[in-house]
Each structure stands twice: as C-alpha cells, then as structure tokens.
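Participant: coordinates for the following, if possible.
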Amino acid sequence: MVRGRIAPTPTGYLHVGHARTFALAAQRTHSAGGTLVYRTEDLDVGRCRPEFATAAIEDLRWLGLQWQEGPDVGGQHGPYVQSQRLEWFRNVWRLLHSSGHLYPCDKSRKDVERALTAPHAEDDAEPIFPPVLRPAAGAGHEAREPGPMNWRFRVPDGETIAFNDALQGAQSFVAGRDFGDFLVWRKDGFPSYELAVIADDHAMDITEVVRGADLLLSTARQLLLYRALGWTAPAWAHNPLVVDASGKRLAKRSAGLSLRELRAKGMTPAQVLSVDIALL
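Facilitator: Below is the predicted model of the structure:
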C-alpha cells in the first residue's frame, strides 16, 4: 500500500513552491491508489504560529488537495501535530542512544566555524562539524534522557551514502565531506528536523517522501538514521525548487507569491499550479 504525506511547517503562509510540491505528493499518492497523510511540523516553537497552521489547511483545501488520514476535526481529517508527539521522539532518541550512535555536544556554531578543519557545505547553511571537536568515544553513555543538551549523530567518515530519487535520479553524498555529525536533539528539549521527520515517517508507514530539492542532502543524513534504527527507508522524490524572477528560491516571505495573496487576486488553483512565476 502506497502511503504519501504532506507536511508543512507553519512559520508563514504557503507559497507557490509549496503548492506545487504538495500537489505533486498528492498526485503521486492518489494515482497509485494510496493514502495521503497530513502532518504539521511545528517543532520550531520560536517561529511556528497556530494561525499559519490553520491557513495552510485552508489554502491546501482550496487548492483541491484531499488527504485521507489525520485526526478528525469537525468531520474532516485534520493534521497530525509533531509538537504533540514528543514522547515518541524521546523514545527514538533512546533507541539511537542505546546503540551508541549519539554523543552530547556543547560546541556552538562559532566553535565549529573557528575550527580550522571545518569546511562549509556549498548548499547547506550549517558548517560541517569537524571530527576534531568530537568528544571521546562513549561520551554521554550514562544518560537516560536527552536533557538540556544538544546531541549529535556520529557519521561514518568517508562512507558514500547513495540513493535513487524518482525526480532527480541517482544521488550520492560522502559523510564527513558533504556533511558532518549532525544534530538529532536540541538543548531546548525538541528533536531536530532530521530525527523528527524519520521518526514520524516510520510511525506513519510512509512509503514515499515528496519534498523540495533543497532537502537532498538531508536525505543522506536520514538514511543513516534509518540504518542505525534498523528501519526501512521510504522512496524519495525531490521536486525542483520554484524560483522568482531574479532566480532566487521562494521563501515564505516572498512578496505577492503566497497562496493567500494569489487567491485574493482572483487566481484559480489551476493557474497557481501552472503560472510562470517570472510573470507575476
């Protein structure tokens, strides 16, 4: 059984790029006779807002998207909400910790940037964590809970992580070169995106993940987590990014390109999904 998902992050109003990616996820799932799951990824508590979560549901329903699974809200399927699933994420942290893949980390971003051996990934905002900053083997093994501490996943330096993407073709990234040890738990008490997304995709039996091409590198990290947990990874389909007239990828602050604004201007869902952004 094919199971897909749409998983907006409510840090702003959805734009054309989101619409096209979520519509593609729905189309691929429905054409295979599968089930589409809706999930709100609201773990960035400093930026996520309830009104954006509500607006996303309204905008996607206006767009014509239909999902078949999620908690009942007034007779309709609402979203699963990540901020309500923290105990599940803590359980996954315990599994990773007990297998020796994690270590506590008190190094700041500035510490990483100051390390002479720390390269920067071209398309990744976070500098690559250098092995020289790793603690001794076994650090943090006595912990039973993540506590108020950052935790990183130790990557297998030099290993090539390869996968086939339905839209982007064959992909490969080298651990330690293209990405380094990455956060799985934050000291503010929340899991990182990498841990939360694979935990929920596994729990919800997702068989294909459709998302933007900016997350190709994240897929390599997530494949390491799937392997460490002994879980089967889903298939992947990374949609090309939508860019504005200047060639920059769209952001939720992109003026005039939110679904709300385009809808107010009288555009139809079909027009939103097919319009040339450069002409807006």
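Participant: may I see the buried residues of the longest helix belonging to the chain?
Facilitator: Assignment by DSSP state H gives helix 16-31 as the longest helix of the chain. Neighbour counts using 16 or more other CB atoms under 10 Å place 16-26, 28-30 of helix 16-31 among the buried residues. Glycine gets a C-beta too; all of them are placed from N, C-alpha and C.
Participant: which among those gets closest to Arg211?
Facilitator: Within those, proximity to Arg211 (CB to CB) peaks at Thr21, which comes in at 6.3 Å.
Participant: helices of the chain, residue ranges please.
Facilitator: Under DSSP H, the chain gives helices at 16-31, 50-62, 86-98, 109-114, 193-203, 216-229, 259-264, 269-274.
Participant: returning to that earlier point: nearest to Glu113, of the buried residues of helix 16-31?
Facilitator: Gly17 (29.6 Å).
Participant: was I right about the closest one contacting Val242?
Facilitator: Yes. Assessed by CB atoms under 8 Å, Gly17 is found in contact with Val242 at 3.7 Å.
Participant: residues in contact with Thr20?
Facilitator: Residue 20: Arg, not Thr. The contact partners of Arg20, taken as CB atoms under 8 Å, 6 or more residues apart in numbering, are 239, 242, 273.
Participant: give me the local confidence score for it.
Facilitator: pLDDT, Arg20: 93.
Participant: do the same with the one 5 residues further on
Facilitator: Turning to Ala25, the model gives it a pLDDT of 97.
Participant: number of residues surrounding the closest residue to it other than its chain neighbours?
Facilitator: Leaving aside its chain neighbours, Ala25 sits nearest to Val210 (3.7 Å; criterion: CB to CB, 6 or more residues apart in numbering). Residues lying near Val210 (other CB atoms under 10 Å) number 26.
Participant: tell me the contacts of the residue nearest to Glu261 when sequence neighbours are not counted?
Facilitator: Leaving aside its chain neighbours, Glu261 sits nearest to Tyr13 (7.9 Å; criterion: CB to CB, 6+ apart). Neighbour list for Tyr13: 52, 55-56, 59, 252, 258-261 [criterion: CB under 8 Å, 6+ apart].
Participant: can you turn the buried part of those residues into a PyMOL selection?
Facilitator: Those of the contacts of Tyr13 that count as buried under 16+ other CB under 10 Å are selected in PyMOL with:
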select buried, resi 52+55+56+59+252+258+259
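Participant: thinking again about what came up before, let's have the helices of the chain in TSV, adding distance to Pro135.
Facilitator: TSV is the format used below for these (distance: least, CB to CB, whole Å):
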stretch	distance to Pro135
helix 16-31	38
helix 50-62	38
helix 86-98	14
helix 109-114	13
helix 193-203	19
helix 216-229	18
helix 259-264	46
helix 269-274	49
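Participant: and the pLDDT for the nearest residue in space to Ala56 that is not next to it in sequence?
Facilitator: Leaving out its chain neighbours, the residue that sits closest to Ala56 by CB to CB, 6+ apart is Pro8, at 4.5 Å. On the pLDDT scale, Pro8 is placed at 95.
Participant: residue contacts, the closest residue to Val81 other than its chain neighbours?
Facilitator: Spatially, and ignoring its direct neighbours in sequence, Val81 is nearest to Thr40 (4.9 Å; CB to CB, 6+ apart). If you count contacts by CB under 8 Å, 6+ apart, Thr40 has them with 7-10, 53, 56, 79-82.
Participant: go on, Leu215?
Facilitator: So Leu215 contacts His238 (CB under 8 Å, 6+ apart).
Participant: please tell me how far it sits from Arg5.
Facilitator: 14 Å (CB to CB, to the nearest Å).
Participant: okay then, goodbye and thanks.
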